[in-house]
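# could you work out the structure for the sequence below:
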Amino acid sequence: MPKISDIEDKGKERLAIPHLPWLKKSIGSDLIKGGIYLLAGEPGIGKTTLALQILGDLSRQGVKVLYIPTEQSMSDIKRVVNRIYDLESDEVRSSISENLYIDTIDDLAMLPWFLNHRILPPEREYYGCEIIVIDSLQGGGLSTGVGEKYKALLDFVDTAKGTGISCLFVNHVTKSGEIAGPKALEHAVDCIIYIRRALRLRPLFVPKNRFGPAMLDPLVLIMDEQGLKESPHITAEASAVLGYSGIGEDFAEAQASVTIPRYGSPPGLSAPFLPSKKIKQLLKVLGTLKDIDVVDLSYDVSCFIPGRHGYAIVLDLPIIVALLSSYLHQRVDNQTLFIGEVDLTKQIRPPERTYLAALAEVLVESQPGRIKLIYLSEKVADEFKQMQPQEGMPKVGDLVEVCGVRDLDSFLHHLWPFLITAGK
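Alright, predicted model coming up:
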């Protein structure tokens, strides 16, 4: 038996990905030649885009690469490539066009034959390819009960590794977040890259990595026309947003912190001293907004209500703003006030007239100048502007800008236009 000192350290040859530094940081190094990578995530989350970003980065360096789609057509893939590299120079686009190959197979069971007959022989067209992407394994017919195709996939993996060809398998996840297909697949690959969806963001995890440390805390990415890139929203921040409960001279303060759980940790909700059913209802309403996905996040919510009074439904809107403010890292001016109950249809309901009269007194008499802008239902906006606590005193509209809004969609469009128009 050899001693460990007798074993030769052959090291690892690498495929450089200089234009994807965040990916290199996530997996601990450049891609390893002969390494088997699994890229998993729900449909539409950006797996194909990331796979093509990787191949594009390699092919622009002159590395020959092969993409095998099993769900999308070759013209679909070409459109994605054109979108990602539209702004690059002619030289870069020409290099990618020269080195990025696309072909199809009818069935995953063909992979060993395809490798042995069309890639490995020196005279064949794909000879010299250093990485192969299969997108996706599900599209190729791999499922938990298909042993023959899985065996063919393992044969393909063994031959590819033995010849130094790297592989990247794209795979879906189930509704429960599990990686689809045979569980043994996760053991057969060297590295698992897992992407999740959180609002417009794409947190990326590396739960398994034979070439470096696993990464269980998320690297937060964001998608634009040129693909995935590291987001400035690296960590969540707590936010504070003003409301008014309807009692007293002081304003209420809704606070929220939204975080992405570590990989494998369940999401959660903590809202001490607040009606949990109401908070869950507000999260459900948030989840109906276009381009906003509130699934699999952790929420901490609190609300300071002066005088130790109970929760008032007019605090719905400040809590929703606090939640979005935290996750999107969009600060809210501390001289802006948010008023209104938010119902299941996303309508922002008007408060009662006695509430408006009490608020008018605070704005005009108790704390003039403290608030500069108020959002509330458009149904009472004009009436509220004309309110005058006492004869001879200013009207509310003389001191405060009053913005009437109909529903949550129009409100968010006014508050953060990019949230509604830019996300894909």
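
# I would like the residues contacting the longest helix along the chain, please.
As assigned by DSSP state H, the longest helix anywhere in the chain is helix 147-162. Applying C-beta atoms under 8 Å, 6 or more residues apart in numbering, the external contacts of helix 147-162 come out as 34-36, 107-112, 115-116, 120, 132, 137, 140-142, 166-167, 181-182, 184-185, 188-189. The C-beta positions use only the backbone N, C-alpha and C, and glycine is treated the same way.

# which is the succeeding secondary structure element to it?
Counting by DSSP states H and E, the next helix or strand C-terminal to helix 147-162 is strand 166-171.

# for ChimeraX, what selects the buried ones among the contacts of helix 147-162?
Provided next is the ChimeraX selection string for whichever of the contacts of helix 147-162 are buried by 16 or more other C-beta atoms under 10 Å:
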select :34,35,36,108,109,110,111,112,115,120,132,137,140,142,166,167,181,182,185,189
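
# relative to the whole chain's centre, how far out is the helix or strand containing Phe205?
For Phe205, the host element (DSSP H and E) is strand 201-209. On the basis of C-alpha atoms, centre = their mean, to the nearest Å, strand 201-209 sits 11 Å off its chain's mean C-alpha point.

# equivalent analysis for stretch 265-283, please.
Distance, stretch centre to chain centre, for stretch 265-283: 21 Å (C-alpha atoms, centre = their mean).

# and it, what's buried?
Buried residues in stretch 265-283, counted by 16+ other C-beta under 10 Å: 271, 274, 279, 282-283.

# Val314: which of those residues is nearest?
The closest of those to Val314 turns out to be Leu282 (C-beta to C-beta; 12.9 Å).

# the closest one against Ile320, yeah?
Yes - with contact defined as C-beta atoms under 8 Å, Leu282 reaches Ile320; the gap is 5.7 Å.

# now the common contact residues for those two.
In contact with both Leu282 and Ile320: Val342, using C-beta under 8 Å, 6+ apart.

# part of a strand, is Val402?
Yes - looking at Val402 with DSSP: H, G, I helix; E, B strand; the rest coil, it is inside a strand.

# and it, how many neighbours?
As a burial measure, Val402 scores 23 neighbours (other C-beta atoms under 10 Å).

# show me the beta-bridge partners of it.
Ile374 (DSSP bridges).

# helices of the chain, start to end?
Under DSSP H, the chain gives helices at 21-27, 47-59, 74-84, 90-99, 111-114, 147-162, 184-188, 276-286, 316-328, 353-361, 378-385, 396-399, 408-415, 417-421.

# want to throw those helices into CSV with distance to Gly340?
Listed next are the helices of the chain as CSV, based on distance: least, C-beta to C-beta, whole Å:
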stretch, distance to Gly340
helix 21-27, 40
helix 47-59, 38
helix 74-84, 40
helix 90-99, 51
helix 111-114, 57
helix 147-162, 55
helix 184-188, 47
helix 276-286, 12
helix 316-328, 4
helix 353-361, 10
helix 378-385, 10
helix 396-399, 16
helix 408-415, 9
helix 417-421, 18
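
# can you check which of those helices gets nearest to Cys303?
It is, among the helices of the chain and with distance given as C-beta to C-beta, helix 316-328, at 6.6 Å.

# quick one, the closest one and helix 408-415 angle?
60 degrees (axes from the mean of the first three to the mean of the last three C-alpha atoms, to 10 degrees).

# which elements pack onto helix 316-328?
Packing partners of helix 316-328 (3 or more C-beta pairs under 8 Å, 6 or more residues apart in numbering; DSSP states H and E): strand 239-243, strand 252-259, helix 276-286, strand 298-304, strand 336-338, strand 341-342, helix 408-415.

# kindly export that helix (C-alpha atoms) in PDB.
Extracted as PDB, the C-alpha positions of helix 316-328 are listed here (Å, rounded to 0.1, in the frame of the first residue of the first chain):
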ATOM      1  CA  ASP A 316     -50.900  48.300   7.100                       C
ATOM      2  CA  LEU A 317     -49.300  50.600   4.500                       C
ATOM      3  CA  PRO A 318     -46.200  51.600   6.700                       C
ATOM      4  CA  ILE A 319     -45.600  48.000   7.500                       C
ATOM      5  CA  ILE A 320     -45.600  47.000   3.800                       C
ATOM      6  CA  VAL A 321     -43.300  49.900   2.900                       C
ATOM      7  CA  ALA A 322     -40.900  48.900   5.700                       C
ATOM      8  CA  LEU A 323     -40.800  45.300   4.400                       C
ATOM      9  CA  LEU A 324     -40.000  46.400   0.900                       C
ATOM     10  CA  SER A 325     -37.600  49.200   2.100                       C
ATOM     11  CA  SER A 326     -35.500  46.600   4.000                       C
ATOM     12  CA  TYR A 327     -35.200  44.100   1.300                       C
ATOM     13  CA  LEU A 328     -34.600  46.600  -1.600                       C
END
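
# would you turn the helices and strands packed on helix 316-328 into TSV with distance to Leu154?
Shown next, in TSV, are these (distance: least, C-beta to C-beta, whole Å):
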stretch	distance to Leu154
strand 239-243	49
strand 252-259	38
helix 276-286	43
strand 298-304	38
strand 336-338	57
strand 341-342	52
helix 408-415	49
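
# those: which one's closest to Pro203?
strand 252-259 (10.3 Å).

# for that closest one, which strands pair with it and how are they oriented?
Going by DSSP bridges, the partners of strand 252-259 are strand 239-243 (antiparallel), strand 298-304 (antiparallel).

# who's in contact with it?
Taking C-beta under 8 Å, 6+ apart as the rule, strand 252-259 contacts 236-245, 297-306, 312, 315, 318-319, 321-323, 325-327.
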